[in-house]
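[1] Coordinates for the following, if possible.
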Amino acid sequence: MPMKVDPCSQSSLMHPDQAIIKLLEQVRPLHDSEVVQLPEALGRVLAEDLASSIDLPPFDNSSMDGYAFRFQDLANNAQLTLIGESFAGHPFSGEVQPNTCVRIMTGAPVPRGYDTVQMQEKVIANGDAIQIEPPKSIGANVRLRAEEVKRGSKVLQAGTLVGAAEMGVLATIGASQVRVTRPVKVAFFSTGDELRPVGTELGLGQIYDSNRYSIQGLLSRANVEWIDLGVIEDDKESIRAAFLTAASQADMVITSGGVSVGDADFTKQVLDEEGEITFWKLAMKPGKPFAFGHLGKAVFCGLPGNPVSSMVTFYKLVWPLINKMQGLIPSQPLQVQAKLMSDIRKSPGRVEYQRGILTQNAQGQAEVTITGGQGSGMLTSMSLANCFVILQQQQGDLPAGSIVTVEPFPAVLN
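    Take a look at the predicted model:
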């Protein structure tokens, strides 16, 4: 029996990997930047390299609670005399002598002249008489000055997304303010007389406008400044006005729907008249129709109207564009191999991004289960999933037990 071929497959369809390369060639990073206070830097992209103005750590310090001393004084397992203490923010200020030690806390400066710390659990204290179990080597439990970062060396590079760890690094080197790129401004809207706002009653042939909310959520996770222009009626001049307004306010304009072959609306007409737009047919499922181009100075991305198609094309095609416009350092998404726990039906012809649930069994092996129905209108499949099961263009049906490529959802999809 001949293998069933994807009915939507055509030899002229562009592979999604090729599409990403072509798209990235047509956008440039924004050059605008601004200086913000450290608390406002979270989620922003650094516009310049940052060097440390101090050594890290700035002084020799203890990595644990215990006692600081000279390693050579333990040669004869001698008893040491306690002469003081060193606490974080309150270092020992006395003079170090042979055969002495000080009580020291984690993070506290190691007094000049001492070179080793032993944890308190391996010390016997009898008043000022201290018996210490010798550590394995000199310098044990001491964090040396500048062992992490030397003054003047680069700690973060331009294009770094500032997350919680980066916030801590910036504070550690004393950066009270940083230069970051301007957020990408993205305007979006929906078109269609059949679309109704949530909270209202649906009439015959009407549906709720769900795509706009999904796009808003995606844009919020992408750390952009988004502009929601609402729902635009199926009227050519209204659509034209919406496109012109969006292009005048934003770096990128996104719409969903109106880019398929059979769409009987004014979107394509207006785009042809007001912009330089190419309508692409991609060898991907979901998400075959896609439009890209420019409206004035703004980049335009037209997503398919089906809810899952809209989200998948945003993730695979639009999100990399936003990252490049923000100046983010390029990176490849994480992919892992997992054992398929149920049969998969697929016809050769297009790359498929089936929605799955990635887990780990008792033996530590990765396993993935398909969420159920994979129709491009089944938005619940995205809500249930935590990964894509990526099936290559010429792949056919797969039985349970097969090893498949899985791409866990990044933050933008969670």
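[2] drop to CA atoms for contacts and neighbour counts, all remaining ones
    Fine.
[3] buried residues in the strand or helix carrying I215?
    Secondary-structure element containing I215, defined by DSSP states H and E: helix 211-221. Within helix 211-221, the residues that qualify as buried are N211, R212, S214, I215, Q216, L218, L219, counting by 16 or more other Cα atoms under 10 Å.
[4] need the next SSE after it, C-terminal direction.
    Proceeding N to C from helix 211-221, the next assigned helix or strand is strand 225-232, under DSSP H and E.
[5] Paired strands for that next one, with orientation please.
    strand 185-191 (parallel) (DSSP bridges).
[6] Looking at the protein, which helix is longest?
    If each helix of the chain is counted by residues according to DSSP state H, the longest one is helix 236-249.
[7] Run a quick neighbour tally on A88.
    A88 is surrounded by 14 other residues when neighbours are defined as other Cα atoms under 10 Å.
[8] Sorry, slip of the keys, the one I care about is V35.
    Counted with other Cα under 10 Å, residues neighbouring V35 total 15.
[9] hmm, back to that, just send the buried residues of helix 211-221 back as CSV, with distance to Q157 and pLDDT too.
    CSV is the format used below for those (distance: Cα to Cα, whole Å; pLDDT from 0 to 100):
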residue, distance to Q157, pLDDT
N211, 36, 88
R212, 35, 91
S214, 32, 93
I215, 30, 94
Q216, 29, 94
L218, 26, 95
L219, 24, 96
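[10] where does this protein have its least confident helix or strand?
    One helix or strand of the chain scores below all others by mean pLDDT, DSSP states H and E: strand 195-196, with a mean of 82.
[11] Following that strand in sequence, what is the next regular element?
    Toward the C-terminal end, the helix or strand that comes next after strand 195-196 (DSSP H and E) is strand 207-208.
[12] Parallel or antiparallel, which strands does that following strand pair with?
    Determined by DSSP bridges, the sheet partners of strand 207-208 are strand 195-196 (parallel).
[13] who's in contact with the partner strand?
    Residues outside strand 195-196 that contact it (Cα atoms under 8 Å, 6 or more residues apart in numbering): L202, Q206, I207, Y208, D209, V231.
[14] residue boundaries of the helices in the stretch 1-150 of the chain?
    Ranges of helices within the stretch 1-150 of the chain are 16-25, based on DSSP state H, counting those that start in this stretch.
[15] just for it, where's the confidence low?
    Applying pLDDT under 70 to the predicted model, the residue ranges of the stretch 1-150 of the chain that meet it are 1-11.
[16] Just the strands from it, written as ranges.
    Listed in chain order, the strands of the stretch 1-150 of the chain (DSSP state E, counting those that start in this stretch) span residues 33-37, 50-51, 61-62, 66-69, 80-86, 100-104, 116-119, 123-126, 129-132, 142-143.
[17] Is it possible to get a markdown table of these that adds distance to K268?
    Supplementary listing: those in a markdown table, determined by distance: least, Cα to Cα, whole Å:
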| stretch | distance to K268 |
| --- | --- |
| strand 33-37 | 35 |
| strand 50-51 | 46 |
| strand 61-62 | 66 |
| strand 66-69 | 73 |
| strand 80-86 | 73 |
| strand 100-104 | 73 |
| strand 116-119 | 72 |
| strand 123-126 | 79 |
| strand 129-132 | 81 |
| strand 142-143 | 64 |
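[18] Nearest to Q363, out of those strands?
    Nearest to Q363 among the strands of the stretch 1-150 of the chain is strand 116-119 (36.6 Å), distances taken as Cα to Cα.
[19] And the closest one, what does it pack against?
    Contacts of strand 116-119 with other secondary structure elements, assessed using 3 or more Cα pairs under 8 Å, 6 or more residues apart in numbering; DSSP states H and E, are made with strand 66-69.
[20] returning to what we had before: let me know which of the strands of the stretch 1-150 of the chain is tucked in deepest.
    Burial among those, expressed as mean neighbours by mean count of other Cα atoms under 10 Å, is greatest for strand 61-62, which shows a mean of 28.
[21] can you list contacts of that one?
    Looking at what lies outside strand 61-62 - Cα under 8 Å, 6+ apart - the contacts are 104-110, 117, 141-145.
[22] Out of these, which comes closest to P408?
    When the contacts of strand 61-62 are compared for distance to P408, the smallest value, 37.2 Å, is given by R143; criterion: Cα to Cα.
[23] can you pull the contacts of that closest one?
    Taking Cα under 8 Å, 6+ apart as the criterion, R143 is in contact with P57, D60, N61, S62, S63.
[24] and the gap between it and D115?
    Counting by Cα to Cα, to the nearest Å, the separation of R143 from D115 is 10 Å.
[25] same deal with D49?
    35 Å.
[26] Tell me which of these two has more neighbours.
    Higher neighbour count among D49 and D115: D115, with 20 against 14, using other Cα under 10 Å.
[27] out of everything not next to it in sequence, what's closest to V96?
    Nearest-residue entry for V96: G113, 6.1 Å, with adjacent residues in sequence omitted and distances by Cα to Cα, 6 or more residues apart in numbering.
[28] Over to L144?
    Counting by Cα to Cα, 6+ apart, the nearest residue to L144 once its immediate chain neighbours are dropped is D60, at 4.5 Å.
[29] Contacts only, for that neighbour.
    P109, V110, V142, R143, L144, R145.
[30] cool, and I130?
    Remark: with contacts taken as Cα under 8 Å, 6+ apart, I130 is in contact with Q79, L80, T81, L82, V123, I124.
[31] how many other residues sit next to the first one?
    Translated: Q79. Neighbour count of Q79, defined by other Cα under 10 Å: 18.
[32] Check whether it really touches N99, as I assumed.
    Yes. In this structure, Q79 is within contact of N99 by Cα atoms under 8 Å, at 7.4 Å.
[33] intersection of neighbour lists for those two?
    A shared contact of Q79 and N99, defined by Cα under 8 Å, 6+ apart, is any residue touching both; here there are none.
[34] Surely S309 is in a strand?
    No. S309 is assigned helix when assessed by DSSP: H, G, I helix; E, B strand; the rest coil, not a strand.
[35] is it true that it touches Q374?
    No. At 10.8 Å, S309 does not count as touching Q374 under the criterion of Cα under 8 Å.
[36] quick one, which of these two is more surrounded?
    Regarding S309 and Q374, a neighbour count based on other Cα under 10 Å identifies S309 as having more, with 27 against 20.
[37] what's the burial count for the nearest residue to I215 once chain neighbours are set aside?
    With Cα to Cα, 6+ apart as the criterion, I215 has its nearest non-adjacent residue at 7.4 Å, and that residue is M311. The tally of other residues near M311 (other Cα under 10 Å) stands at 26.
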